[in-house]
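K.L.:
would you be able to build a 3D model of this:
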Amino acid sequence: METVTRNRSSASGDGLPAPLQGKYLVLKEKLRGLESVLVAYSGGVDSALLARVAHDVLGDSAVALTAVSASLAAEERAGAADLARTIGIRHLEVESGEFENAEYLRNSADRCFHCKRELFSVAAREIQRLGLRSVVYGAITDDLRDVRPGMRAAEAAGARAPLLEAGFSKEDVRTLSRFLGLAAWDKPAAPCLSSRVPHGNPIRIGTLRRVERLEAFLRRSGFQVCRVRVDGESARIEVEPARVRDLLCEPLRAELVEEGLRAGFNRVSVDLQGYRDPQGGGAAPAGRAV
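P.N.:
Numbers count the residues shown, from 1 in each chain. Below you'll find the model as predicted:
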């Protein structure tokens, strides 16, 4: 990720395009009206921006919460903690219990509902303990184009989505994040590890560990946008289409196969179509998270 630094005086929004400056002002007013918030925070670009603006507006009355379970990659957990320190917001890490829920482990099409219901249950306990007023999360207008069971869980829990309420798109989020100097402004999407397992196949912690290990290898090899899709006991690798050819070159091809076998897969293949982002000009297969 490119790191951009700016003086916090730019938080006034001067220099932003007028429509985005207006959304930014609305966002701050909505957060100010909530008085104190617990931000459901993954460290992704959306929740990072929400945490940053909440901290700017509310100071110590804004707290970030990361739910920790086997579906959160260690690299993502560490990155979220580092970014929270940069923002300056108080950051809590709390164990979540979705892996104790048989409905979650069954991995039907509403898996994300069960995950987010657990997240917001944890958040509800924390706001009571901390004496905060509201839970907020980073939904945006782009999310309205997809089937998002997690948003149904958020609505049921009474969680607020200030970015969505202020009309922020993904482009808006990235533009404002860069303007404010957030290092996460260009971070690729990083959905949970369970999203690599096709619906209808049970979620197992051992499977997620194999995925995490092989994706970490790919990132060390220079592929920041990558997915390891589970297909039975096999791994199917997706990277950006323009970089598929790189995976097939030696010695990387052989190293990738070796690492996949060591991780516990019995076969490693490459998706020649590459990774397709439903929000970025391509379409992922139905029923599969990005």
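K.L.:
buried residues in the least confident helix or strand in the chain by mean pLDDT, which are they?
P.N.:
Using mean pLDDT, DSSP states H and E, the weakest-scoring helix or strand in the chain turns out to be helix 149-157, at a mean of 93. Within helix 149-157, the residues scored as buried using 16 or more other CB atoms under 10 Å are P149, G150, M151, A153, A154, A157. Any C-beta I mention is one placed from the backbone N, CA and C, and that applies to glycine too.
K.L.:
before we move on, what about stretch 72-88?
P.N.:
L72, A73, E76, G79, A80, A81, L83, A84, I87.
K.L.:
can you pull the contacts of the fourth one?
P.N.:
The neighbours of G79, taking CB atoms under 8 Å, 6 or more residues apart in numbering as the test, are G43.
K.L.:
that one: which element?
P.N.:
G79 belongs to helix 74-87 when assigned by DSSP states H and E.
K.L.:
C-terminal to that helix, what's the next element?
P.N.:
Assigned by DSSP H and E, the successor of helix 74-87 is strand 90-95.
K.L.:
from the contact counts, what lies against the next helix or strand after that following strand?
P.N.:
Moving toward the C-terminus from strand 90-95, the next helix or strand (DSSP H and E) is helix 102-106. When contacts are defined as 3 or more CB pairs under 8 Å, 6 or more residues apart in numbering; DSSP states H and E, helix 102-106 packs onto helix 111-130.
K.L.:
buried ones in stretch 131-147, by neighbour count?
P.N.:
L132, S134, V135, V136, Y137, G138, A139, I140, T141, D142, D143.
K.L.:
nearest to A216, out of these: which one, please.
P.N.:
Proximity of the buried residues of stretch 131-147 to A216, judged by CB to CB, is greatest for G138, which lies at 24.5 Å.
K.L.:
could you verify that that closest one is part of a strand?
P.N.:
No: applying DSSP: H, G, I helix; E, B strand; the rest coil, one finds G138 to be coil, outside a strand.
K.L.:
and the gap between it and S42?
P.N.:
For G138, the distance to S42 equals 8 Å [CB to CB, to the nearest Å].
K.L.:
for S12, give me the pLDDT.
P.N.:
Per-residue confidence at S12 stands at 66 (pLDDT).
K.L.:
check the average confidence over the helix holding G79, would you?
P.N.:
97.
K.L.:
distance between it and the chain's centre?
P.N.:
The chain centre lies 12 Å from the centre of helix 74-87; the measure is CA atoms, centre = their mean, to the nearest Å.
K.L.:
could you check the angle strand 90-95 makes with it?
P.N.:
160 degrees (axes from the mean of the first three to the mean of the last three CA atoms, to 10 degrees).
K.L.:
pull the CA atoms of helix 74-87 into CSV?
P.N.:
Output of helix 74-87 as CSV, limited to C-alpha atoms (Å, rounded to 0.1, in the frame of the first residue of the first chain):
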residue,chain,number,x,y,z
ALA,A,74,-2.9,-13.2,11.4
GLU,A,75,-1.6,-10.6,8.9
GLU,A,76,-4.9,-8.9,8.8
ARG,A,77,-5.1,-8.8,12.6
ALA,A,78,-1.7,-7.3,12.9
GLY,A,79,-2.4,-4.8,10.1
ALA,A,80,-5.6,-3.6,11.8
ALA,A,81,-3.8,-3.1,15.1
ASP,A,82,-1.0,-1.1,13.4
LEU,A,83,-3.4,1.1,11.6
ALA,A,84,-5.5,1.7,14.7
ARG,A,85,-2.3,2.9,16.5
THR,A,86,-1.6,5.3,13.6
ILE,A,87,-5.1,6.7,13.7
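K.L.:
surely L130 touches V63?
P.N.:
Yes: using CB atoms under 8 Å, L130 is in contact with V63, at 6.2 Å.
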